[in-house]
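Peer 1: all I have is the shape, not the residue letters:
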């Protein structure tokens, strides 16, 4: 089955700890995205990648980092610099980053701070 | 900067009645508009999009949306609501560079 997988489903972070959220897609999509969702708010773009080995900051990139070494993988690291990391994190991909392209979303990872 | 407004946090309808979830947008240039649905603790699922052409766009699960350029609106509609339509709905606008801006979402509750 083609799709986007995110792991883990739930993740707990201790103070001062970096954690990495996994996102994998087997749709052969060039573009991948990370969004943060908070209650009562829409999705906010953290980072996006239009192609392998390239990525750009979104609206709320501070405290986060990404890599895009493989087409199918776009992991997100939440660093200790992110002071309010508790949120639902969604990964998405699209065939390209063109404005007509539909984004397909993974099931999400909920990050909680201990 | 582009923006999306969903003026209603919550919409309640009875099963079998028509439903409307409102969305207005602000964007420079041509608008590229999307609707997504989110079920609890799940990712978003694509419903429909407007790129160009007919103002009435038909999508998944019997949903449709009407693009109104003069009112800068893209309201989501369904002629007859189902209980299973209960979910969180997001409107999004995409710019020519491919960046999406999402509304804050509207919770639709369909009661039997």
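Peer 2: All right, it came through fine. Because the structure is predicted, anything quoted here is derived from the model rather than measured. Residues are numbered from 1 along each chain as shown, chains lettered A, B, ... in the order given.
Peer 1: please count neighbours and contacts with C-alpha atoms only from this point.
Peer 2: OK.
Peer 1: nearest residue to the middle of chain A?
Peer 2: Closest to where the C-alpha atoms of chain A average out (CA atoms, centre = their mean) is residue A:34, at 2.9 Å.
Peer 1: my guess is residue B:22 meets residue B:76, correct?
Peer 2: Yes - the criterion here is CA atoms under 8 Å, and residue B:22 meets it with residue B:76 at 6.3 Å.
Peer 1: pLDDT below threshold where in the chain?
Peer 2: Going with chain A. A:1-2 (pLDDT under 70).
Peer 1: wrong chain, I was asking about chain B
Peer 2: Residues of chain B that meet the cut-off, pLDDT under 70, do not exist.
Peer 1: what does it put close to chain A?
Peer 2: Within chain B, the residues that sit near chain A (CA under 8 Å from any CA of the partner chain) are B:32, B:41-46, B:51, B:90, B:94-105.
Peer 1: ok, back up a step: and residue B:22 and residue B:76? Which one has more around it.
Peer 2: residue B:76 (25 against 21; other CA atoms under 10 Å in any protein chain shown).
Peer 1: for the closest residue to residue B:105 other than its chain neighbours, give its distance to residue A:40.
Peer 2: Computed as CA to CA, 6 or more residues apart in numbering or on different chains, the closest residue to residue B:105 that is not its neighbour in sequence is residue B:90, at 4.6 Å. Distance, residue B:90 to residue A:40, by CA to CA, to the nearest Å: 11 Å.
Peer 1: the two: which is more packed in?
Peer 2: Neighbours were counted for residue B:90 and for residue A:40 using other CA under 10 Å; residue B:90 has more, 29 against 12.
Peer 1: check contacts around that one.
Peer 2: A:42, B:35, B:36, B:37, B:38, B:102, B:103, B:104, B:105, B:106 (CA atoms under 8 Å, 6 or more residues apart in numbering or on different chains).
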